[in-house]
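*Asks:* Task: produce atomic coordinates for the following.
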Amino acid sequence: MSIEVWEPTGGTKGRPIDIGLVEKFVDVAKGVDSVSTSQLKASGLDSEEWVMNQEEAAWESAEDLSSDDLVALIRFFTLVEHNISGWEAGAKSPVIPLVKILKSRDDFTPDLRKWIKSNTDNRYLPYGSAL
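*Replies:* Predicted coordinates:
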C-alpha cells in the first residue's frame with residue numbers, strides 16, 4: 001500500500017503573473033489617486049483579484065519595470081486592497097515584493113513608506129511579516 005499526496009488542480013496559488021497583465025495594471029495605476037470597482041471593470045481587471053494572494057516569486061516579472069512603474073503599482077495595490085472588497089491580501093500583498101524590488105534599487109523613499117502606512121489598514125505593509 002502506498003500513500004500519495006493529493007495536489008489540487010485549477011487553482012491560482014503560485015501562478016506566475018504574466019508581464020502583459022502586470023503592464024495592464026501599470027497602465028491603470030499611473031496617475032491614479034483612488035481606485036473603484038467601476039475603474040477595475042472598465043479596464044477589464046475586475047476578475048483579477050487572484051493576483052493579490054500570490055507568492056513573492058510570482059512577481060519576478062515586475063523586476064523589469066521602471067521604478068516609476070513600481071511606485072504606481074505599489075500605490076494602486078495599496079488602494080485597491082483598502083477600498084475594494086475581495087481584494088484583501090494581508091501578508092501576501094503584492095506591495096511587499098514590489099517594495100523589495102524598489103529597496104534593492106535604493107529607490108524606496110521614506111515618503112512612499114509614509115504614504116503606504118497612511119493609506120492602508122494592512123499591518124504587513126510595506127515590509128511583510130516580521131517572521
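
*Asks:* which residue sits closest to residue 71, ignoring its sequence neighbours?
*Replies:* The shortest distance from residue 71 to any non-neighbouring residue, by C-beta to C-beta, 6 or more residues apart in numbering, is to residue 112 (6.4 Å). The way it works is simple: take the backbone N, C-alpha and C, and place the C-beta from them, glycine included.

*Asks:* So which residue is dead centre in this protein?
*Replies:* residue 94 (2.5 Å; C-alpha atoms, centre = their mean).

*Asks:* Now do the contacts for that one.
*Replies:* Residue 94 makes contacts with 51-52, 54, 59, 73, 77, as judged by C-beta atoms under 8 Å, 6 or more residues apart in numbering.

*Asks:* distance of residue 78 from residue 20?
*Replies:* 22 Å (C-beta to C-beta, to the nearest Å).

*Asks:* mean confidence for the helix ranked longest in the chain?
*Replies:* Across the chain, the longest stretch assigned as helix under DSSP state H is helix 67-83. Taken as a whole, helix 67-83 has a mean pLDDT of 96.
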